[in-house]
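Enquirer: okay, sequence plus prediction incoming.
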Amino acid sequence: MSIWLLLPALALVAWGVLAFNRLVRLRNQTRTAWADIDVQLQRRHDLVPQLVAAVQGYAGHEAATLRAVTELRAQAVGLREPSRLGEVEEALEQGLVRLLALQEAYPDLKANQNFAQLQRDLVDTEEQLQYARRFYNGAVRDYTDATQRVPDVLVAKAAGFGAIEFFQAQADSRAAVKVEMAR
């Protein structure tokens, strides 16, 4: 066999190996990023019962808010797919905002050191979660670009590299908030 036939074949194999390894690295990066999101969501989920218990002691008659947050937490714990989890986590986030807003109506709750620490922990967790979401979505974007780019798409399809979902808020939560002035 001529060396002129062997060189292009070796170059093609080398390109295929490099493309495959790049796709594997990008897929693993998205998995690692998802694990980071999972850790932050677990931190949030662990804080919810503590917050509910703290608020319950001061504002027990706010049962609907407490029950809604508890139910959303239970739903979120069992979900794994980004699209459905994004919906439930968005609702849980809104419920936690309502739960934290109760402190304004209950000065004793606002003064409670345990509640204040839980609130700080929750804020820290939300910041970490936002960072993890951005990192994950960036990793998904890079992976998606690589699996759709020619000629790497040939290796991606042949090796079974599938689509990965973004983790995003629902369209309703991205809409501008309407504020009406009291007259």
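Expert: All right, it came through fine.
Enquirer: now the strands for the chain?
Expert: Remark: no strands are assigned in the chain by DSSP state E.
Enquirer: how about low-confidence regions in it?
Expert: By pLDDT under 70, the weakly predicted segments of the chain are 1, 169-183.
Enquirer: let's see 90
Expert: Under the criterion pLDDT under 90, the flagged ranges of the chain are 1-5, 52-67, 78-84, 86-87, 97-112, 115-116, 168-183.
Enquirer: residue boundaries of the helices in it?
Expert: Here the chain has its helices, by DSSP state H, at 3-58, 63-77, 82-101, 107-111, 113-148, 152-159, 171-174.
Enquirer: look up how far E71 lies from V153.
Expert: Separation of V153 from E71 (Cβ to Cβ, to the nearest Å): 43 Å. Placement of C-beta: from N, CA and C, glycine included.
Enquirer: then T30?
Expert: For T30, the distance to E71 equals 30 Å [Cβ to Cβ].
Enquirer: which of the two has more residues huddled nearby?
Expert: Taking neighbours as other Cβ atoms under 10 Å, T30 and E71 compare with T30 leading, 21 against 14.
Enquirer: I'd say the more buried one and R141 touch.
Expert: No - at 9.5 Å, T30 and R141 do not qualify as touching, with contact defined as Cβ atoms under 8 Å.
Enquirer: next up, the contacts around the residue nearest to T32 when sequence neighbours are not counted.
Expert: Counting by Cβ to Cβ, 6 or more residues apart in numbering, T32 lies nearest to A139, which is 7.8 Å off, once chain neighbours are set aside. For A139, the contacting residues are L26, Q29, T30, T32, A33, by Cβ atoms under 8 Å, 6 or more residues apart in numbering.
Enquirer: then D145?
Expert: By Cβ under 8 Å, 6+ apart, D145 lies in contact with nothing.
Enquirer: got the contact list for L51?
Expert: V69, L96, L99, L100, F115, L118, Q119, L122.
Enquirer: distance of the fifth one from H45?
Expert: When distance is defined by Cβ to Cβ, F115 is 18 Å away from H45.
Enquirer: and if you look at the second one?
Expert: Separation of L96 from H45 (Cβ to Cβ): 11 Å.
Enquirer: tell me which of these two has more neighbours.
Expert: For L96 and H45, the more surrounded residue by other Cβ under 10 Å is L96, and the numbers stand at 22 against 17.
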